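> sequence? don't have it. structure:
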Ligand SMILES: [Zn+2]
């Protein structure tokens with residue numbers, strides 16, 4: 001056993017830790033959660049618009065109802081005057097009847113408008129209620145997903161802590177210059193800095209080394225650091 005065999009162990013733990021970190025960042029629930037949060041934001045905007053519309057419709061309905069009440073009292077006043085016997089001149093009576101007819105006609109059309117406004121307001125209130133129901137569903141879904149993400153990440157964190165502890169143990173015997181080179185290569189070569197040499201093949205780039213190169217490496221002392229001439233990774237001989 002040389003420091004390079006320990007280095008290979010360090011590499012294995014680093015690779016495992018990298019995988020765990022990647023898994024932590026790409027938990028399926030994280031994607032679902034982000035989609036849920038986007039949906040919730042869109043829904044809240046739509047809801048604010050509907051609430052606004054419903055408020056406007058309610059104000060419009062009240063205004064029409066107010067107009068109708070004024071008209072009602074005008075009609076009653078006129079009727080009271082008409083049937084009180086105070087007015088006896090036929091031309092005046094005729095004029096009052098004509099005015100009464102016009103008021104009643106206006107009242108009928110206002111009543112229609114009030115009914116229409118009530119219908120529109122009911123529809124808007126219904127839409128607001130639907131959106132609010134959907135919002136609480138999405139809120140609940142978001143909460144479930146956040147809990148699932150936290151649980152998944154906690155599991156991964158435990159596993160990661162195990163890998164890092166084992167890595168620290170394996171790294172104890174590695175000299176500083178070897179460790180530095182290892183880190184530089186790892187940063188440059190997609191996380192793989194040390195690879196086993198198996199049957200004349202580099203475990204990093206998976207290319208077969210020329211036979212002369214394999215023969216040369218075989219003659220190098222075991223404690224000499226050797227590297228793949230194709231991918232530059234540290235080669236660990238069996
Ligand atoms: Zn290689």
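Thanks, I have the structure now. Quantities reported herein were computed from a predicted structural model and do not represent experimental measurements.
> Just list what the longest strand belonging to the chain packs against, helices and strands only.
Taking DSSP state E as the criterion, the chain has its longest strand at strand 194-198. In this structure, strand 194-198 makes packing contacts with helix 3-25, strand 234-236, judged by 3 or more Cβ pairs under 8 Å, 6 or more residues apart in numbering; DSSP states H and E. Any C-beta I mention is one placed from the backbone N, CA and C, and that applies to glycine too.
> So in that sheet, which strands flank the last one, and in what orientation?
According to DSSP bridges, strand 234-236 has the following sheet partners: strand 194-198 (parallel), strand 226-227 (antiparallel).
> and the angle from the longest helix along the chain to helix 3-25?
In the chain, assigned by DSSP state H, the helix with the most residues is helix 90-171. Here the directions of helix 90-171 and helix 3-25 differ by 170 degrees (axes from the mean of the first three to the mean of the last three Cα atoms, to 10 degrees).
> counting contacts, what elements does the helix or strand just after helix 90-171 pack onto?
As assigned by DSSP states H and E, the chain's next helix or strand after helix 90-171 is helix 176-188. If you count contacts as 3+ Cβ pairs under 8 Å, 6+ apart, helix 176-188 packs onto helix 3-25, strand 234-236.
> Are helix 176-188 and the ion in contact anywhere?
No: counting by Cβ under 5 Å from the ion, the ion is not contacted by helix 176-188; separation bottoms out at 10.8 Å.
> Now do the buried residues in that helix.
Across helix 176-188, burial judged by 16 or more other Cβ atoms under 10 Å covers 178, 181-182, 185-186.
> same deal with stretch 74-86?
Buried positions in stretch 74-86, judged by neighbour count with 16+ other Cβ under 10 Å: 75, 78, 82.
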